[in-house]
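Undergrad: just coords:
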């Protein structure tokens, strides 16, 4: 009985961070227990709004004024809407006191907020990691870009095969004039490309179709979509 309840690692939460940590631990051969407070989610079956078009929603997939009034916090989330509200914890369900502004957006289910994320991962540079130290606010990061670069490179190489230069973040300088090359070198120092999921058979997307939900629910991350913030 003791062996059955003994684990090499215990991960609290199955969201985007906990879920990925558990994946890495399991792939390394560690016996891992994941604890999740929310309900189980079965793929497709538990996506009740998955194939709905905006006009099939009572409010055309818009947030009502009443919902905005009752949920001033979660309504700030980019993924919050009439078609995704069931994946968010309502503000009144678990209120908290803010001594300083802090928006705590939560989703209690297997997968956490990975079910409602925007499919975009900004890759930070040393400029981002050193900001607290440079500007004198908060607590300095205990790591820097070079500490996580090998992990980011690995995932970029696996997921962004369409754009091999995105792995090393060396912007192509061929064919550029002097000012263009100077600009690219500045971007390499202070910016990192962003990444997002995309449909392998991309077609023009219009807001009146459920394509954005299709991308989020079924497709693997795949394509570089632009330059991120500094």
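TA: Received, thanks. All values derive from a computational prediction rather than experimental measurement.

Undergrad: OK, contacts around the nearest residue to residue 111 once chain neighbours are set aside?
TA: In space, not counting the residues next to it along the chain, residue 111 is nearest to residue 41; the distance is 5.7 Å by C-beta to C-beta, 6 or more residues apart in numbering. For every residue, glycine as well, the C-beta is placed using N, CA and C. Contacts of residue 41 were listed using C-beta atoms under 8 Å, 6 or more residues apart in numbering, and they are 109-111, 115.

Undergrad: measure residue 40 to residue 108 for me?
TA: Between residue 40 and residue 108 the computed distance is 11 Å (C-beta to C-beta, to the nearest Å).

Undergrad: what about these two, which has more around it?
TA: With other C-beta atoms under 10 Å as the criterion, residue 40 and residue 108 differ in neighbour count, and residue 108 comes out ahead with 17 against 10.

Undergrad: Tell me the predicted confidence for the closest residue to that one other than its chain neighbours.
TA: Counting by C-beta to C-beta, 6+ apart, residue 108 lies nearest to residue 38, which is 3.3 Å off, once chain neighbours are set aside. Residue-level confidence at residue 38 comes out at 95, pLDDT.

Undergrad: Next, count neighbours for residue 38.
TA: The number of residues packed around residue 38, counting by other C-beta under 10 Å, is 17.

Undergrad: Residue 73 reaches residue 91, doesn't it?
TA: Yes. With contacts defined as C-beta atoms under 8 Å, residue 73 counts as touching residue 91 at a distance of 5.0 Å.

Undergrad: same for the longest helix along the chain, what does it pack against?
TA: Scanning the chain for the helix with the most residues, using DSSP state H, yields helix 145-159. Using 3 or more C-beta pairs under 8 Å, 6 or more residues apart in numbering; DSSP states H and E as the contact criterion, the secondary-structure elements in contact with helix 145-159 are helix 126-129, helix 165-168.
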